[in-house]
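Novice: for reference, the sequence and a predicted model appear below.
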Amino acid sequence: MRVKIKEEKKKKIINSIKEIFEERSEIKHALIFGSFLSSLPFEDIDIALILDENFLKDLDFIYYLGLLEAELSQKLKKKFDIVILNLTSLPFTYSVIKEGKLIFTRNRDEFFDFVERIVYEYLDFKVFRDILLKEL
């Protein structure tokens, strides 16, 4: 069910999310994206995480995401949809960076290095994608 809440309440939710992420050392950066950022009603809160690469090595990411979504839902009484940007496609990652809002970071310079790398890779990829699409 889609709900609409005031901006003040959204800020409180974001602050609560930040507090939870602060306790989890594996979370390096987090962005919020999707309908929660608009003035329209939303069904869930979309969050994109950038996790520590060492943490990812042996991660059962489905189990991890399930636990984290359950923790957030239980504490904040909202539905969450979380993705790990380290594991998503380049076009999706670029879209989240472009449209999303950074809500948590442990190191701003490191985050902007990540953004810069994704933008450069995406623009390189886009050139080849556009050429291939013209040929179809």
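Specialist: Done, it's in. It should be emphasised that the depicted structure is a prediction, and the values quoted were computed from it without experimental measurement. Residues are numbered from 1 along each chain as shown.

Novice: can we go C-alpha only for contacts and neighbour counts from here?
Specialist: Fine.

Novice: list phi and psi for the residue positioned nearest the centre of the chain.
Specialist: Central residue of the chain (Cα atoms, centre = their mean): Ala48, 1.2 Å from the mean position. Backbone torsions of Ala48, given as degrees, to the nearest 10, read phi -110, psi 130.

Novice: cool, and the one 5 residues further on?
Specialist: Per-residue torsions, Glu53: phi -60, psi -40 (degrees, to the nearest 10).

Novice: about what we covered before: the residue nearest to the centre of the chain reaches Gly34, doesn't it?
Specialist: No. Counting by Cα atoms under 8 Å, Ala48 sits too far from Gly34 to count as a contact (10.3 Å).

Novice: pLDDT weak spots in the protein?
Specialist: For the chain, applying pLDDT under 70 flags the ranges 132, 136.

Novice: and the strands in it?
Specialist: 27-33, 45-51, 80-84, 101-105 (DSSP state E).

Novice: CA-only coordinates of the first one in CSV, if you can.
Specialist: Right, the one you point to is strand 27-33. The C-alpha coordinates for strand 27-33 follow below in CSV (Å, rounded to 0.1, in the frame of the first residue of the first chain):
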residue,chain,number,x,y,z
ILE,A,27,28.5,-0.4,5.2
LYS,A,28,30.7,2.3,3.6
HIS,A,29,28.1,4.4,1.9
ALA,A,30,24.4,4.4,1.4
LEU,A,31,22.0,6.2,-1.0
ILE,A,32,18.3,6.4,-0.9
PHE,A,33,16.5,6.5,-4.3
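
Novice: thank you kindly, that will do.
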